[in-house]
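Q: any chance you can model this:
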Amino acid sequence: MSSRITQFLRSFLADQGSLSLPGFGVIHFDGSLGDEAPAEAGEGFPPGSLSFRPDAGVAWDEDLIQRIAAETGKMRTLVVSDLDSYLQFGHELTNISKPFHIEGIGWVQKDHRNEVSFMQEDSASVTSGSRSRKASSKEDRNGIPIPWRAISIGAGLTLLAVGAYWAISRLDVAGSFAKWRASRRAADSAATAPAPSVDTAKQVNTAPSPPPVTYPFSVVLEISPRERALKRYADLKEWGHDIRMTTKDSVRFKLYIPIQAPLSDTARHRDSLRIFFNRRVWIETHPDE
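A: The predicted structure is shown next:
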């Protein structure tokens, strides 16, 4: 049925001089630029004879619906359903940056700003938006087509580069955390290690220094809603963090890292994690309360 729909669209555009495409805009045919309108399905419109006006609010032409209903014997509702189904496929293509081909007429395309453009099937660009038909026809005569293939390849390479950057960044974060964790373990081991034995003779005049006293405390990373907290908890666990989570009301969840160290080191641990996560963190002595 889609091939017959394109024949109806093409014939209607040639006869009426305009064709409304809901969600896209209106294609106009200037018959004065050619000797006659195309008569066969395989023929194209004269170069530069089609122009386009973006307008997402247009509806199907009632004359088009009545013409298809009369020629096919279908009810009006079935004709509208067939037209909507055909155009829905076009919206799905353009929403993923793919051109929608209307056979015998041209291609409809959306860019990253969701702006609609049109290219006539003979590869001659036509007017879109505020461009004049005269300027467009001049471009057509110079043979400057829209490089859809190059645009698609460029977009693919950009996505590939972004994916590679994300993967490298993730590996770098894991490596940085491993270094920070190793330094923290070394500091904790030094803080809890027994004082070295000293010579008895030296003890006569020198009192041994007491080992530093360590206390448990936690660095709170964030307090988030349930969905955000569970996802963040899973990510941090995957990256090797000693992350803990607690909640009082099952609505807001606290994510924190427990630490055993002298209280004089709290600022150092807080600042290290603040720089590492690039966000504000704070110290709590009883995060589970």
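
Q: neighbours around residue 113, how many?
A: The number of residues packed around residue 113, counting by other C-beta atoms under 10 Å, is 5. Using the backbone N, CA and C atoms, a C-beta is placed for each residue, glycine as well.

Q: which residues of the stretch 101-250 of the chain fall in helices?
A: Secondary structure of the stretch 101-250 of the chain (DSSP state H, counting those that start in this stretch): helices located at 133-142, 148-192, 200-203, 226-238.

Q: got a list of what residue 254 touches?
A: Residues counted as contacts of residue 254 (C-beta atoms under 8 Å, 6 or more residues apart in numbering) are 220, 222, 223, 245, 246, 247, 287.

Q: partners of whichever strand or helix holds it, with directions?
A: Taking DSSP states H and E as the definition, one finds residue 254 inside strand 252-261. Using DSSP bridges, the strands paired with strand 252-261 in its sheet are strand 215-225 (antiparallel), strand 244-247 (antiparallel).

Q: could I get those strands as CSV with distance to residue 21 and mean pLDDT?
A: Rendered in CSV, the data for those read as follows (distance: least, C-beta to C-beta, whole Å; pLDDT from 0 to 100):
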stretch, distance to residue 21, mean pLDDT
strand 215-225, 42, 87
strand 244-247, 51, 90
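
Q: would JSON lines of these with distance to residue 82 and mean neighbour count be doable?
A: Formatted as JSON lines, the entries for the strands paired with strand 252-261 read as follows, by distance: least, C-beta to C-beta, whole Å; neighbours: other C-beta atoms under 10 Å:
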{"stretch": "strand 215-225", "distance to residue 82": "45", "mean neighbour count": "16"}
{"stretch": "strand 244-247", "distance to residue 82": "54", "mean neighbour count": "14"}
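
Q: so can I have a markdown table of those strands showing distance to residue 89?
A: Converted to a markdown table, those look like this (distance: least, C-beta to C-beta, whole Å):
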| stretch | distance to residue 89 |
| --- | --- |
| strand 215-225 | 38 |
| strand 244-247 | 46 |
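
Q: out of those strands, which is closest to residue 100?
A: Distances from residue 100 to each of the strands paired with strand 252-261 were compared by C-beta to C-beta, and the smallest falls on strand 215-225, at 39.7 Å.

Q: what's the angle between the closest one and helix 226-238?
A: Angular relation of strand 215-225 and helix 226-238 on a 0 to 180 degree scale: 130 degrees, by axes from the mean of the first three to the mean of the last three C-alpha atoms, to 10 degrees.

Q: quick one, strands of the stretch 1-150 of the chain?
A: With strands called from DSSP state E, counting those that start in this stretch, the stretch 1-150 of the chain shows them at 18-21, 25-29, 50-54, 100-102, 106-110, 116-120.

Q: and those: which comes nearest residue 155?
A: Comparison of the strands of the stretch 1-150 of the chain against residue 155 by C-beta to C-beta identifies strand 106-110 as nearest, at 12.2 Å.

Q: can you list the buried residues in that closest one?
A: 106, 107, 108, 109, 110 (16 or more other C-beta atoms under 10 Å).

Q: who are the packing partners of it?
A: In terms of contacts (3 or more C-beta pairs under 8 Å, 6 or more residues apart in numbering; DSSP states H and E), strand 106-110 is packed against helix 76-95, strand 100-102, strand 116-120.

Q: and the contacts of it?
A: With C-beta under 8 Å, 6+ apart as the test, strand 106-110 has contacts from 21, 24, 27, 50, 90, 94-95, 97, 99-102, 116-121, 126, 146, 148.

Q: near the closest residue to residue 64 other than its chain neighbours, how many other residues are there?
A: Spatial nearest neighbour of residue 64, chain neighbours left out: residue 12 (4.9 Å); criterion: C-beta to C-beta, 6 or more residues apart in numbering. Residue 12: 19 surrounding residues under other C-beta under 10 Å.

Q: shouldn't residue 12 be in contact with residue 62?
A: No. With the criterion set as C-beta atoms under 8 Å, residue 12 and residue 62 do not qualify as a contacting pair; they are 11.4 Å apart.

Q: list the buried residues of stretch 260-277.
A: Under the neighbour-count rule (16+ other C-beta under 10 Å), stretch 260-277 has 261, 262, 265, 266, 269, 270, 272, 273, 277 buried.

Q: buried ones among the contacts of strand 106-110?
A: In these, the ones that pass as buried (16+ other C-beta under 10 Å) are 21, 24, 27, 50, 90, 94, 99-100, 102, 116-121, 126, 146.

Q: turn the helices and strands packed on strand 106-110 into TSV, including distance to residue 251.
A: What follows is the helices and strands packed on strand 106-110, written out as TSV (distance: least, C-beta to C-beta, whole Å):
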stretch	distance to residue 251
helix 76-95	36
strand 100-102	45
strand 116-120	44
